[in-house]
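[1] Provided below are the primary sequence and the corresponding predicted coordinates.
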Amino acid sequence: MKKPHILLVYIGGTIGMIRDFSSGALRAFDFDKLLKQIPELNLLDCTMETISLSEPQDSSNLSPTHWGLMAEIIESHYAQADGFVVLHGSDTMAYSASALSFMLQGLNKPVILTGSQLPIGDLRTDAKEN
């Protein structure tokens, strides 16, 4: 049986950040190295593909244009993916989820939005479970 194929879409937010220990600043995680950096994902019985915005956005700066972009990404990968996980900042996730629920009405595949309070590389992060 074919394994489910999941598309991870990184829009922005803390969930996709790692701490630069030399400066203490946060920078975007390299999602091309996701499975190498987060070996727990190998426990899932699926294949994964990742897409990141070229410039991840602080969720407080998202607009309806970004909601349209999220919907377009999902639409353009709909045939290849069995489900979608949108990694998003927590400040405005509810607004994006609401907009996508209207834009993607009738979709027969799951779309999950998730975020985290701590960066994915932090020791006590909630990102890996999310």
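    Nice, I can see it. Numbering: from 1, shown residues only.
[2] what's around T125, how many residues?
    Close neighbours of T125, defined as other CB atoms under 10 Å, add up to 18. All C-beta spots, glycine's among them, are computed from the backbone N, C-alpha and C.
[3] swap in G106?
    Neighbours around G106, by other CB under 10 Å: 4.
[4] doesn't it fall inside a strand?
    No: applying DSSP: H, G, I helix; E, B strand; the rest coil, one finds G106 to be coil, outside a strand.
[5] Do you know the pLDDT at it?
    Looking at G106, its pLDDT reads 91.
[6] wait, what's in contact with it?
    Contact analysis of G106 by CB atoms under 8 Å, 6 or more residues apart in numbering lists nothing.
[7] Please enumerate the strands of the chain.
    5-10, 17-19, 26-28, 47-52, 83-87, 111-114 (DSSP state E).
[8] Show me the shaky parts of this structure.
    When residues are selected by pLDDT under 70, those of the chain lie in 31-37, 120-123, 128, 130.
[9] Report the central residue of it.
    In the chain, the residue lying closest to the centroid (CA atoms, centre = their mean) is L87, at 2.2 Å.
[10] quick one on the thing from earlier: how about the strands of the chain in JSON lines, adding distance to R124?
    Converted to JSON lines, the strands of the chain look like this (distance: least, CB to CB, whole Å):
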{"stretch": "strand 5-10", "distance to R124": "21"}
{"stretch": "strand 17-19", "distance to R124": "12"}
{"stretch": "strand 26-28", "distance to R124": "16"}
{"stretch": "strand 47-52", "distance to R124": "24"}
{"stretch": "strand 83-87", "distance to R124": "19"}
{"stretch": "strand 111-114", "distance to R124": "17"}
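[11] So which of the ones you listed is nearest Y95?
    strand 111-114 (10.4 Å; CB to CB).
[12] in the closest one, what counts as buried?
    Neighbour counts using 16 or more other CB atoms under 10 Å place 111, 113-114 of strand 111-114 among the buried residues.
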